[in-house]
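> need a 3D model of the following:
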Amino acid sequence: MALAALSLLLWLTFQDASAQIPEGMSLSYYSSLPATRILIWGGDTGQGLDMSRFAHSRCALLLLVGKNAEDAEAAATQLLAEPPVAGTCPPGVDPVVHWDAGDIHNATYVLHLTARYESTLGGSPDISWNFAE
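Numbering: from 1, shown residues only. Take a look at the predicted model:
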């Protein structure tokens, strides 16, 4: 009886998680996102904002990079207004969303951004997603 209940619980957990996992993402990758440092180029618009929202819902530590400061700040503010589901964040980890804006083709800007990794994410990004247009 206990084994059947455990099996049902695992099945329900998997069903719920798989409904939220973006196409092409494995369950183990999905499960590894809490407290992961993620840099998202173009994280303030379109698909980048959707993935930012998804990563934030998994309690990832985010640095959104956009072309426009107002859009990037608005995206970060919007994400922070939507806290992750209770129990998603590991003990002692709070969701982090920082933003920056600039031209990613400008080497000086990229060096400035690299210098912010420690203060914003606590270190270099573990993952970098590029949705810049």
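
> quick check: closest non-adjacent residue to the spatially most central residue of the chain.
Of all residues in the chain, the one closest to the mean position by Cα atoms, centre = their mean is Ala55, 2.7 Å from it. Spatial nearest neighbour of Ala55, excluding adjacent residues (Cβ to Cβ, 6 or more residues apart in numbering): Ile38 at 5.4 Å. All C-beta spots, glycine's among them, are computed from the backbone N, C-alpha and C.

> so His98: helix, strand or coil?
Secondary structure, DSSP: H, G, I helix; E, B strand; the rest coil: His98 is strand.

> show me what contacts the residue nearest to the centre of the chain?
Residues counted as contacts of Ala55 (Cβ atoms under 8 Å, 6 or more residues apart in numbering) are 33, 38, 40, 62.

> ok, and the closest non-adjacent residue to the first one?
In space, and not counting its chain neighbours, Leu33 is closest to Arg58: 3.8 Å by Cβ to Cβ, 6+ apart.

> would you check how far apart that neighbour and Ala74 are?
Going from Arg58 to Ala74 by Cβ to Cβ, to the nearest Å gives 21 Å.

> quick one, which of those two is more surrounded?
Arg58 (21 against 15; other Cβ atoms under 10 Å).

> ok, that one - contacts?
Arg58 makes contacts with 30, 33-34, 84, 88, as judged by Cβ under 8 Å, 6+ apart.

> report pLDDT for it.
At Arg58, the pLDDT value in this model is 92.

> that one and Leu121, how far apart?
15 Å.

> what's the neighbour count on Tyr29?
The burial count for Tyr29: 13, using other Cβ under 10 Å.

> tell me if I am right that it is in a helix.
Yes. Assessed by three-state DSSP, Tyr29 belongs to a helix.

> so Asn68 touches Ala101, yeah?
Yes. The criterion here is Cβ atoms under 8 Å, and Asn68 meets it with Ala101 at 5.9 Å.

> shared neighbours of those two, anything?
Shared contacts of Asn68 and Ala101, counting by Cβ under 8 Å, 6+ apart, come down to Asp44.

> this completes my enquiry, with thanks.
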